[in-house]
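In: Predicted coordinates and the sequence they were generated for:
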Amino acid sequence: MVTDPVAFSIGPLAVRWYGIIIMLGVLGGAYLAARLAERKRENPDHLWNMVPLVVFVAIAGARIYWVMLDWQTCCAADPWQALNIRGGGISIHGAIAFGLLAIWGFTRYNKLRFLRWVDIIVPGMALGQAIGRWGNFTNQEAFGGPTSLSWGIPISPERRPAGYEQFTHFHPTFLYESLYNLLACVVLYQIAVRIERDRRLRDGDTLWVYLIGYAVARFAIESLRTDSLLIGPFKAAHVISAILLIVGIVGLALRHIGWRGEDKSRLATTTTDSTAAPTDDTTAADPDDITPTPAHLVGKSVHARGVSGEPKT
């Protein structure tokens, strides 16, 4: 068990394992999203331009959420502690909400399609969560109640919650959530890829499936934890998970009820024909006869420009 949360120090600056692991999660998720963008014939530069904004806003949202629910403990005596993120106290629910808001703002400002880009990003979000949860391991936090199971983890006496001092091993709930998110990443990636050719799927379906799946998984895992934030008498994660579940179901229903599907074979033929090399029976187009792509459409897929391959007007 890792007992020192500090990986190394540079002078007076202590670099913690938690921060390193979180950044590895960000980079891993962004790399996966960039690869998926290329596969869906979108410009990955949009993704890399988006990352700094989304990460900053998500971290700010994670801290704001935590401070709002834990004000009396963390900040009532010294309000400036609300800015001391190095002291701990961030929440994934706040990161998800504010991160999605940042994605929406970026895509709207750059005239990109939010639901299409969220399909690209969400599998990477799940991967980032799967990696980032191991930061809880290095901090000895986000664990569950006592257990005698073989995979229970030892917790240092000073990190054990009040009333559980006599127990040594606890449920590794961060591990349960990490494994769930890894599985979710695989499923969501397959959905995002299939949207291009499966007539039953629509842009945004990965988001709704992600919200529904994570809500159910987190509700179950949170029931094992002993360090939950509260909203009144209820665990905050239970309340937010219920909201996410409703949003996911409603979003999926609104996008699919009364929708009979879409014939995507024409799109597949168009994109294949547009990228195929000339054969002996065809003649390559004269570059001088090709109409330049308008600047505002550079980096967008054929689907984003219109099924015919021509810019929408």
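Out: Happy to help now that I have it. Numbers count the residues shown, from 1 in each chain.

In: from what I can see H171 touches A142, true?
Out: No: under the criterion of C-beta atoms under 8 Å, H171 is not in contact with A142, lying 10.3 Å apart. For every residue, glycine as well, the C-beta is placed using N, CA and C.

In: Look up the residues that both of those two are in contact with.
Out: Residues within reach of H171 and of A142 at once, by C-beta atoms under 8 Å, 6 or more residues apart in numbering: there are none.

In: ok, which stretches of the stretch 151-300 of the chain are strands?
Out: Taking DSSP state E, counting those that start in this stretch to define them, one finds strands in the stretch 151-300 of the chain at 153-154, 169-170, 230-231, 234-235.

In: could the ones you listed go into CSV alongside mean pLDDT, mean neighbour count and distance to A30?
Out: CSV is the format used below for the strands of the stretch 151-300 of the chain (pLDDT from 0 to 100; neighbours: other C-beta atoms under 10 Å; distance: least, C-beta to C-beta, whole Å):
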stretch, mean pLDDT, mean neighbour count, distance to A30
strand 153-154, 94, 14, 29
strand 169-170, 96, 20, 32
strand 230-231, 92, 14, 32
strand 234-235, 94, 14, 31
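
In: Dump the ones you listed to a markdown table, plus distance to A62.
Out: Listed next are those as a markdown table, based on distance: least, C-beta to C-beta, whole Å:
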| stretch | distance to A62 |
| --- | --- |
| strand 153-154 | 24 |
| strand 169-170 | 24 |
| strand 230-231 | 17 |
| strand 234-235 | 17 |
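
In: Out of the ones you listed, which gets nearest to R197?
Out: R197 lies closest, by C-beta to C-beta, to one member of the strands of the stretch 151-300 of the chain: strand 234-235, at 41.0 Å.

In: ok, now which ones touch the nearest residue to F219 once chain neighbours are set aside?
Out: In space, F219 comes closest to S241 once its chain neighbours are excluded; the distance is 4.2 Å by C-beta to C-beta, 6 or more residues apart in numbering. Applying C-beta under 8 Å, 6+ apart, we find S241 in contact with Y214, A215, V216, R218, F219, E222.

In: Would you write a ChimeraX line that selects the buried entries of the residues you listed?
Out: Buried members of those can be picked out in ChimeraX with the line below, counting by 16 or more other C-beta atoms under 10 Å:
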select :214,215,218,219,222
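
In: Okay, now the unreliable bits of the chain?
Out: Applying pLDDT under 70 to the chain flags residues 1-3, 87, 260-313.

In: residues touching R218, list them.
Out: Taking C-beta under 8 Å, 6+ apart, we find R218 in contact with E177, A237, S241.

In: whoops, L224 was the one
Out: G144, G145, H171, T173, Y176.

In: Go through these and say which is closest to L115.
Out: The closest of the contacts of L224 to L115 turns out to be Y176 (C-beta to C-beta; 29.9 Å).

In: unless I'm mixing things up, A184 is touching M125, no?
Out: No: counting by C-beta under 8 Å, no contact exists between A184 and M125, whose distance comes to 9.3 Å.

In: residues near the residue nearest to G132 when sequence neighbours are not counted, how many?
Out: Excluding the flanking residues, the one nearest G132 by C-beta to C-beta, 6+ apart is G25, at 3.6 Å. Using other C-beta atoms under 10 Å, G25 is surrounded by 22 other residues.

In: from memory G25 sits against L127, does it?
Out: Yes: between G25 and L127 there is a contact at 7.4 Å, judged by C-beta under 8 Å.

In: Mind putting the contacts of R218 into TSV with distance to R116?
Out: Listed next are the contacts of R218 as TSV, based on distance: C-beta to C-beta, whole Å:
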residue	distance to R116
E177	28
A237	30
S241	26
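
In: Show me what the nearest residue to F167 once chain neighbours are set aside bridges to in the sheet.
Out: Distance criterion C-beta to C-beta, 6+ apart; nearest residue to F167, sequence neighbours excluded, is P146 at 3.8 Å. Judged by DSSP bridges, the bridge partners of P146 are F170.

In: and which of the contacts of R218 is nearest T73?
Out: Using C-beta to C-beta, A237 is the member of the contacts of R218 that lies nearest T73, at 16.8 Å.

In: ok, the closest one touching E222?
Out: Yes: shown here, A237 and E222 form a contact pair, counting by C-beta under 8 Å, at 4.1 Å.

In: Now do the shared contacts for these two.
Out: S228.

In: Please look at E38 and P44 and confirm they touch.
Out: Yes: using C-beta under 8 Å, E38 is in contact with P44, at 5.6 Å.

In: Specify which residue of those two has the higher count of neighbours.
Out: P44 (19 against 13).

In: give the contact list for the more buried one.
Out: Counting by C-beta under 8 Å, 6+ apart, P44 touches A34, R35, A37, E38.
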